[in-house]
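A.B. asks: Here is a sequence with its predicted model. Questions after.
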Amino acid sequence: MEKARMASIEKGVGEVLVSREEIDEAVARIGKAVTEDFQGEDLVVIGILKGAVAFMADLMQAIDLPLEIDFMAVSSYGTSTTSTGEVRILKDLECTVEGRSVLIVEDIIDTGITLSYLSKVMESRGAKRVSIAALLTKPARRERAVQVDYVGYEVEDKFVVGYGIDYAEKYRNLPYVGALKPSEYEK
Ligand code: HPA
Ligand code: MG
């Protein structure tokens, strides 16, 4: 990527947490595991917009099985101190999941509220099996127990951006995951 452009994006990024090489390694590792685990199943891979877009695009190419893709967008209410656990569907699936095997693809799992809600939605719609793949997990922030079947990396409780993950809708186009400088969100 053009140097000047990267420099302008990176002004707010203090450190690289997951390098491009580490992302590629995680994508290959998870893709291989999913390929082994979903042999012979009617697989639908569901990306959660917008954060999962980069991971979804790479991961689906690393899964060597027939599959369909679809997307959902959700918003969760409540701040970190007053999590209501309320989740609203902004964009729903186009496909049916009834009787099918679902793999939900997320960028990062922190409180677990969105994922525990989405798992329940898939089950209530009659999915045969619901699994979760997340590039990142931040266990320090967990409020709901969720079983994450495939994890790229565990990260510390820092505000991360890049590879789909935003701060105020920016930074999604960084090709790696970085930690935002506290000066960026404190100002
Ligand atoms: N960065 C951006 N979005 C997030 C994060 C984060 O660290 N955790 C949960 N959503
Ligand atoms: Mg966001």
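C.D. replies: Now that the structure is in, tell me what you want to look at. Ligands and ions are numbered 1, 2, ... in the order given.
A.B. asks: From now on I want contacts and neighbour counts done on CA atoms only, so please keep to that.
C.D. replies: Fine.
A.B. asks: So which residues on this structure come close to ligand 1?
C.D. replies: Residues of the chain lying near ligand 1 by CA under 6 Å from any ligand atom: Asp110, Lys158, Phe159, Val160, Val161, Ile165, Asp166, Tyr167.
A.B. asks: in the longest helix along the chain, what counts as buried?
C.D. replies: Counting by DSSP state H, the longest helix found in the chain is helix 20-37. Using 16 or more other CA atoms under 10 Å as the burial criterion, the residues of helix 20-37 that qualify are Ile23, Asp24, Ala26, Val27, Ala28, Arg29, Ile30, Gly31, Val34.
A.B. asks: helices or strands up against it?
C.D. replies: Here helix 20-37 touches helix 53-61, strand 150-154, going by 3 or more CA pairs under 8 Å, 6 or more residues apart in numbering; DSSP states H and E.
A.B. asks: Name the residues of stretch 108-116 that come out as buried.
C.D. replies: Buried residues in stretch 108-116, counted by 16+ other CA under 10 Å: Ile108, Ile109, Asp110, Thr111, Gly112, Ile113, Thr114, Leu115.
A.B. asks: Spell out which two among these are the most distant pair, please.
C.D. replies: Largest separation among the buried residues of stretch 108-116 by CA to CA: Ile108 and Ile113, giving 11.7 Å.
A.B. asks: Was I right to think Ile104 contacts Arg129?
C.D. replies: No. Using CA atoms under 8 Å, Ile104 is not in contact with Arg129, being 10.7 Å away.
A.B. asks: Looking at these two, which has the bigger crowd around it?
C.D. replies: Using other CA atoms under 10 Å, the more surrounded residue of Ile104 and Arg129 is Ile104, with 26 against 17.
A.B. asks: re the thing from before, mind putting the helices and strands packed on helix 20-37 into CSV with mean neighbour count and mean pLDDT?
C.D. replies: What follows is these, written out as CSV (neighbours: other CA atoms under 10 Å; pLDDT from 0 to 100):
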stretch, mean neighbour count, mean pLDDT
helix 53-61, 19, 98
strand 150-154, 19, 98
